[in-house]
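Trainee: got a predicted structure plus its sequence, pasted below:
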Amino acid sequence: MIVTSLLIAGYSSQVDVASNDDFYDSALNVLLTERITLNGQRRLQNFVLPESDDFSSIPQDPRNPLTADKVTLGRFLFHDAALSQAARHTHNLGTYSCATCHHAAAGFEAGAARSIGEGGIGWGTRGEARRPDPSLPGADVDSPGLKSQTILNKTYQRLMMYSGAAGTGGDNEGLDDRWIHHPDAAANHLGYQGMESQAIGALSKHRLFEPEAASQLIRSHPTYAALWESVWAGNSVTTERMGLSIAAYERTVMANRSPFQQWLKGDLDVMSREEKRGAMVFFGDKSECTVCHTGPALSSMAFYALGMPDMPGVSPDPGRGGLTGEDRDRFTYKVPQLYNLTDAGFTGHGSSFRTMREIVDYYVEGVPAISLPPDRFPDQFRRLDLTEQEIEDLIVFLETALRDPDLERYQPTSVPSGACIPANDPLARHQLAC
């Protein structure tokens, strides 16, 4: 028998939760509707991710409205390695795509501690065996020094990247003079929100877009030609339009079939008792998780320093401070979303945690791995008074209740060019058997 003492809405009660099925749902409902307040509203809907084809309910840049054909075009472009025509080495042309570092099997991350676009070879089963091509100089291998970030649920982020550098408005208001100095802000001058700015900038940053080759790709495949005419009738193929198409697709990629999302929509039996207990820990006061993680994606636009280890062998990334230039922002990083974390295999900006237990223990213990001035850490980063049972339940909630089991639905079975998904170098093609 599991007996727990909970304080909910001012009422303290010791409950035999092993024999009280109704308790879990009513208690969690109270936590979400009476104790968690978003924009003055108290309702479960505040946490619901919409259906991916319900465009009217998906946050979007008004200058890049979602349409079915634009999303379809973006989905193909995102996964098509034939788009990679700006490689530094000719034998790498057509071998990598956006999906190489953000694919469904890894929760739209890389599946490896360090992602590799151009200059990577091999694949394994979900990207874990991809490695630098030993014949290339290290500087020619496109392998960022921060863990690949998921595109999952990112439509709920106004600004993109760990630093929040990609995108205009919000916290980037008034930082125009800083954009020119930051590689992730290269497309901000176009005035789009983060998803669009990041997608446009990435096409150049990651050596994907070459104008003539991209135009040839669109013209030479009837599927692409028809979609382009439907979306961008009479307009030429440009980095901006390609990026806007990809961003439209990315905005529809959400973990809206996870057990917690189904529970929010009324299926009270889809979550296990352990998952519901874990949800009560997550949304309760003792864990303080919701100070940073809230809303449909369980994220926020805040930046925090938590002293997590950097990626071995690379220079520490200054995070938000790299954009603002302010000491108080150095080594602060944007709060991430929390769905399908276990699919990636790594968490933390330096890929320093391999299991959910490791990352939860780090938060529970509240001891930074990297030395920073004490006033740089948020008040919530301190040892948490959680029991072992509460920790175990919290881990179950994070691992299973927040995991959408069918992200493959966002990946096309094939792309018009016939390239292998999600990587197309010879070794990857062999390992993927395509």
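Mentor: Received, thanks.

Trainee: quick one: pLDDT of Asp21?
Mentor: Model confidence at Asp21, given as pLDDT, is 67.

Trainee: typo on my end, it should be Ser230
Mentor: At Ser230 the predicted local distance difference test score is 98.

Trainee: what sits up against the one helix or strand it maps to?
Mentor: Using DSSP states H and E, Ser230 sits within helix 222-231. When contacts are taken as C-beta atoms under 8 Å, 6 or more residues apart in numbering, the neighbours of helix 222-231 outside the stretch itself are 67, 69-70, 72-73, 76, 217-219, 237, 245, 416. For the C-beta atoms, the positions are set from N, CA and C on the backbone; glycine is no exception.

Trainee: which of the residues you listed are buried, as a ChimeraX select command?
Mentor: In ChimeraX, this line selects whichever of the contacts of helix 222-231 come out buried by 16 or more other C-beta atoms under 10 Å:
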select :69,70,72,73,76,217,218,237,245,416
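
Trainee: now render the contacts of helix 222-231 as a markdown table, adding distance to Ala82, secondary structure and pLDDT.
Mentor: Supplementary listing: the contacts of helix 222-231 in a markdown table, determined by distance: C-beta to C-beta, whole Å; DSSP: H, G, I helix; E, B strand; the rest coil; pLDDT from 0 to 100:
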| residue | distance to Ala82 | secondary structure | pLDDT |
| --- | --- | --- | --- |
| Thr67 | 23 | coil | 98 |
| Asp69 | 20 | helix | 98 |
| Lys70 | 19 | helix | 98 |
| Thr72 | 17 | helix | 98 |
| Leu73 | 14 | helix | 98 |
| Phe76 | 10 | helix | 98 |
| Leu217 | 6 | helix | 95 |
| Ile218 | 10 | helix | 96 |
| Arg219 | 13 | helix | 95 |
| Val237 | 13 | coil | 97 |
| Ser245 | 15 | helix | 98 |
| Pro416 | 8 | coil | 97 |
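
Trainee: closest one to Ile370 out of the contacts of helix 222-231, please.
Mentor: Of all the contacts of helix 222-231, Ile370 sits closest to Ser245, with 39.0 Å by C-beta to C-beta.

Trainee: count the neighbours of the closest residue to that closest one other than its chain neighbours for me.
Mentor: Of all residues not flanking Ser245 in the chain, Gly74 sits nearest, at 4.0 Å (C-beta to C-beta, 6 or more residues apart in numbering). Neighbours of Gly74 under the rule other C-beta atoms under 10 Å: 26.

Trainee: got the phi and psi for the residue nearest the centre of the chain?
Mentor: Central residue of the chain (C-alpha atoms, centre = their mean): Thr150, 2.7 Å from the mean position. Note on Thr150: backbone dihedrals following degrees, to the nearest 10 are phi -70, psi 150.

Trainee: now do the helices in the stretch 51-200 of the chain.
Mentor: According to DSSP state H, counting those that start in this stretch, the stretch 51-200 of the chain carries its helices in the segments 68-79, 98-101, 176-179, 194-205.

Trainee: can you tell me which of those helices has the worst average pLDDT?
Mentor: Between the helices of the stretch 51-200 of the chain, the lowest average pLDDT goes to helix 176-179, which shows a mean of 93.

Trainee: for that one, give me every contacting residue.
Mentor: For helix 176-179, contacts defined as C-beta under 8 Å, 6+ apart pick out 165, 185-186, 188-189, 323-325.

Trainee: show me where the stretch 251-400 of the chain has strands.
Mentor: Using DSSP state E, counting those that start in this stretch, the strands of the stretch 251-400 of the chain run over 303-304, 333-334.

Trainee: the last one pairs with which strands, and in what direction?
Mentor: Same thing as strand 333-334. Sheet pairing for strand 333-334, assigned by DSSP bridges, gives strand 303-304 (antiparallel).

Trainee: who touches Pro405 in this structure?
Mentor: Pro405 makes contacts with 257-258, as judged by C-beta under 8 Å, 6+ apart.

Trainee: which pLDDT value belongs to it?
Mentor: At Pro405 the predicted local confidence, pLDDT, stands at 98.

Trainee: confirm that it sits in a helix.
Mentor: No - secondary structure assignment places Pro405 outside any helix; it is coil (DSSP: H, G, I helix; E, B strand; the rest coil).

Trainee: what separation do you get for it and Thr238?
Mentor: According to C-beta to C-beta, to the nearest Å, Pro405 stands 37 Å off from Thr238.

Trainee: how about Phe282?
Mentor: Distance check for Phe282 against Thr238: by C-beta to C-beta, it reads 44 Å.

Trainee: also Gly278?
Mentor: The gap separating Gly278 from Thr238 is 47 Å, by C-beta to C-beta.

Trainee: out of the two, which sits in the more crowded spot?
Mentor: Neighbours per residue, other C-beta under 10 Å: of Gly278 and Thr238, the larger number sits with Gly278, 27 against 16.

Trainee: was I right about the more buried one contacting Val396?
Mentor: Yes - at 4.8 Å, Gly278 and Val396 qualify as touching, with contact defined as C-beta atoms under 8 Å.

Trainee: related to what we said a few turns ago, and of the contacts of helix 176-179, the nearest to Ala82?
Mentor: The shortest distance between Ala82 and any of those, using C-beta to C-beta, involves Ala186 and amounts to 23.5 Å.
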